[in-house]
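**Student:** next input, structure requested:
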Amino acid sequence: MEVLVFVVVGYLLGSVPFGVMVGKIFKGVDVRDYGSGSSGMTNVIRTIGVRAGALVMLLDMTKSVVAILLARAFTDIQGAEVAAAAAAMAGHSWPLFAGFKGGKGIAPGLSALFVLSPIAGLVTLVVGVPIIAVTRYMSLGSMVGTLCACVALIVLAATGYVPAVYVWLAVAGGSIVTFRHRENIVSLVKGRERKLGQGAAEPSPEQKAVRKKGLGWPRSV
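**Tutor:** Numbering: from 1, shown residues only. Sure, this is the predicted structure:
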């Protein structure tokens, strides 16, 4: 029951649509109307700018951190921390308050790693950042960094450096990140993936028509 409570708490925290909020406040637009339709940092950078994207990244990272800290404060069940973190990633990716169209799980996933296993978090950055810097593909660096972090977390759990239950964060978090990047994978294979520095293209009217909007977040005009 305690674990279930923190699943709900984590999901609701993850569902706060910071990217949508920042887009409305900074530029009066809904970032989901542009580029990939995501409300995560990368699409915010392409739509509004680097400063807005950095702010969204920091805000999104707080989602899993707060969820984990709340779980630690009210229970001593390590599984509750993992469940809260994974739920925050799920809420971020499919937010209740933004039409279930959010980010791709990277920001809350990275911060969760640093709270639960700093070594795995460092692996993400050590592997992912150079790939992004060299290729300028945020999606590629994010996915490879996530994969390596998942492997690191499993190895750390198997050798006793972190609780075995943390493996479930690798399974759940890695699955969320991979699933949410499925369109990016296709674009990378076909050579259509947009690089950092390229602006976000506005979707066609047909694409806009099928993009769902959340409670209280009307389409920009």
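
**Student:** for Ala158, give me phi and psi.
**Tutor:** Dihedral pair for Ala158: phi -70, psi -30, per degrees, to the nearest 10.

**Student:** now do the contacts for it.
**Tutor:** When contacts are counted by CB atoms under 8 Å, 6 or more residues apart in numbering, Ala158 touches Ala164. Placement of C-beta: from N, CA and C, glycine included.

**Student:** what is the neighbour count of Leu4?
**Tutor:** By the other CB atoms under 10 Å criterion, the neighbourhood of Leu4 contains 11 residues.

**Student:** list the contacts of it.
**Tutor:** Not one residue lies near Leu4 by CB under 8 Å, 6+ apart.

**Student:** in the host helix or strand of it, what counts as buried?
**Tutor:** With the criterion set as DSSP states H and E, the secondary-structure element containing Leu4 is helix 2-14. Of the residues in helix 2-14, those buried by neighbour count under the rule 16 or more other CB atoms under 10 Å are 3, 5-7, 9-14.

**Student:** do stretch 45-57 as well
**Tutor:** Per 16+ other CB under 10 Å, stretch 45-57 contains these buried residues: 45-48, 52-53, 55-57.

**Student:** quick one: name whatever helix or strand follows the helix holding Leu4.
**Tutor:** Using DSSP H and E, the helix or strand that follows helix 2-14 towards the C-terminus is helix 18-27.

**Student:** for the closest residue to Val123 other than its chain neighbours, give me its contacts.
**Tutor:** Nearest in space to Val123, with sequence neighbours left out and distances taken as CB to CB, 6 or more residues apart in numbering, is Ala152 at 4.4 Å. The contact partners of Ala152, taken as CB under 8 Å, 6+ apart, are 117, 119-120, 123.

**Student:** centre of the chain to the host helix or strand of Ala152, how far?
**Tutor:** Taking DSSP H and E as the criterion, Ala152 maps to helix 138-158. Centre-to-centre, helix 138-158 and its host chain are 14 Å apart (CA atoms, centre = their mean, to the nearest Å).

**Student:** what average pLDDT does it get?
**Tutor:** Computed over helix 138-158, the mean pLDDT rounds to 95.

**Student:** CA atoms of it as CSV?
**Tutor:** This file holds the C-alpha atoms of helix 138-158, laid out as CSV (Å, rounded to 0.1, in the frame of the first residue of the first chain):
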residue,chain,number,x,y,z
MET,A,138,20.6,14.9,-28.2
SER,A,139,18.4,11.8,-28.7
LEU,A,140,21.4,9.6,-29.5
GLY,A,141,23.4,10.8,-26.5
SER,A,142,20.4,10.5,-24.2
MET,A,143,19.6,6.9,-25.3
VAL,A,144,23.1,5.6,-25.2
GLY,A,145,23.8,7.3,-21.9
THR,A,146,20.6,5.8,-20.5
LEU,A,147,21.5,2.3,-21.7
CYS,A,148,25.0,2.5,-20.2
ALA,A,149,23.5,3.8,-16.9
CYS,A,150,21.0,0.9,-16.8
VAL,A,151,23.8,-1.6,-17.3
ALA,A,152,25.9,0.1,-14.6
LEU,A,153,23.0,0.1,-12.2
ILE,A,154,22.4,-3.6,-12.8
VAL,A,155,26.1,-4.4,-12.3
LEU,A,156,26.2,-2.3,-9.1
ALA,A,157,23.1,-4.1,-7.8
ALA,A,158,24.6,-7.5,-8.7
